[in-house]
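> dropping a prediction and its sequence here:
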Amino acid sequence: MSPDTPVTSSATALLCPAAILMIRLRPYRPDDGPRLLHLFRDTIRRVNIRDYPASQITAWASDEIDASAWCRRFEDRFVVVAEDSSEPPRVAGFAELEPDGHIDRVYVSADHQRQGVGRAMLQAILAEAERQGLERLFVEASLTALPFFESLGFSTIARQTVECRGERLVNVRMEWLRSETL
Ligand SMILES: CC(C)(COP(=O)(O)OP(=O)(O)OC[C@H]1O[C@@H](n2cnc3c(N)ncnc32)[C@H](O)[C@@H]1OP(=O)(O)O)[C@@H](O)C(=O)NCCC(=O)NCCS
């Protein structure tokens with residue numbers, strides 16, 4: 001999502017029932033990087049901890065992550081950022097789509113879980129995928145995110161084990177085919 005990409009608030013705003021806050025989607029800005037990295041680590045430590053042992057959480061959300069390299073990965077991708085209507089706005093989540101249909105990072109803040117933020121971001125990604133003519137999207141879903149992706153029409157290809165800073169984590173390769181949604 002380039003900074004010029006229009007994101008209409010009517011299409012993407014949703015009410016956040018717990019806090020009575022509006023959520024809006026906007027394109028990624030280069031100065032978002034540090035806040036997104038903070039959200040990434042915090043979500044893993046507070047949400048994914050339900051499904052992964054502490055040693056794996058420590059490796060995944062490591063303090064050793066190279067912030068510059070982590071933020072550079074947003075370049076040349078479609079990235080959507082969700083923020084709430086508090087003053088100043090708090091980042092509620094982010095999601096990204098690579099040109100080949102790979103969905104890489106999708107994270108909703110621990111304080112905005114299960115309020116439709118993830119679904120709204122994925123709908124923006126599906127709309128962008130349609131705009132780009134992508135027929136297939138794929139993701140390595142965490143165990144935490146598996147029911148979320150299933151609810152959006154993704155199907156499981158296989159479970160796999162991946163290495164992360166010396167720990168072995170289980171995730172699930174999933175795909176979404178446009179032909180199956182017609
Ligand atoms: C996975 C994640 C992005 C979902 O975001 P979210 O904003 O909480 O999800 P939504 O509120 O949009 O949920 C949409 C639907 O997904 C399904 N869903 C989401 N979380 C679920 C859960 N824990 N259990 C069962 N179904 C779930 C439901 O069908 C839900 O609809 P409903 O609330 O009307 O029943 C979020 O939980 C998250 O950040 N998880 C930790 C980070 C992570 O694992 N990211 C994925 C890396 S690939």
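Thanks, I have it. As the structure is a computational prediction, the values presented were derived from the model and not from experiment.

> make it CA atoms for all contacts and neighbour counts henceforth
Will do.

> hmm, residue 55 and residue 168 touching each other?
No. Applying Cα atoms under 8 Å as the test, residue 168 and residue 55 come out as separate, 9.8 Å apart.

> next to the ligand, which bits of this protein? Give me the list.
43-44, 47-48, 105-108, 113-119, 140-142, 144-145, 147-148, 151 (Cα under 6 Å from any ligand atom).

> which of those residues fall in strands?
Of the residues of the chain next to the ligand, the ones assigned to strands by DSSP state E are 105, 106, 107, 108, 140, 141, 142.

> which residue is nearest the centroid of the chain?
Nearest to the mean C-alpha position of the chain, by Cα atoms, centre = their mean, lies residue 106 at 1.2 Å.

> so which helix or strand takes in the residue nearest to that one when sequence neighbours are not counted?
In this structure, residue 106 finds its nearest non-sequential neighbour in residue 95, 4.2 Å apart by Cα to Cα, 6 or more residues apart in numbering. Take DSSP states H and E as the rule and residue 95 turns out to sit in strand 91-97.

> partners of that strand, with directions?
Looking at strand 91-97 with DSSP bridges, its partner strands are strand 78-84 (antiparallel), strand 102-108 (antiparallel).

> columns mean pLDDT and distance to residue 162 on top of the ones you listed, output as CSV?
Formatted as CSV, the strands paired with strand 91-97 follow (pLDDT from 0 to 100; distance: least, Cα to Cα, whole Å):
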stretch, mean pLDDT, distance to residue 162
strand 78-84, 97, 24
strand 102-108, 98, 14
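
> buried ones in the top helix by length along the chain?
The single longest helix within the chain, with elements called by DSSP state H, is helix 117-132. Within helix 117-132, the residues that qualify as buried are 117, 118, 120, 121, 122, 124, 125, 126, 129, counting by 16 or more other Cα atoms under 10 Å.

> again with stretch 131-147
Buried-residue list, stretch 131-147, by 16+ other Cα under 10 Å: 136, 137, 138, 139, 140, 141, 142, 143, 144, 145, 146.

> again, but for stretch 103-113
Result for stretch 103-113 [16+ other Cα under 10 Å]: buried residues 103, 104, 105, 106, 107, 108, 109, 110, 112, 113.

> ok, the first one touching residue 79?
No. Taking contact to mean Cα under 8 Å, the distance of 10.0 Å between residue 103 and residue 79 leaves them out of contact.

> any common contacting residues for these two?
Residues within reach of residue 103 and of residue 79 at once, by Cα atoms under 8 Å, 6 or more residues apart in numbering, are 95, 96, 97.

> scan those residues and report the most crowded one.
With neighbours taken as other Cα atoms under 10 Å, the top of the shared contacts of residue 103 and residue 79 is residue 97, carrying 27 neighbours.
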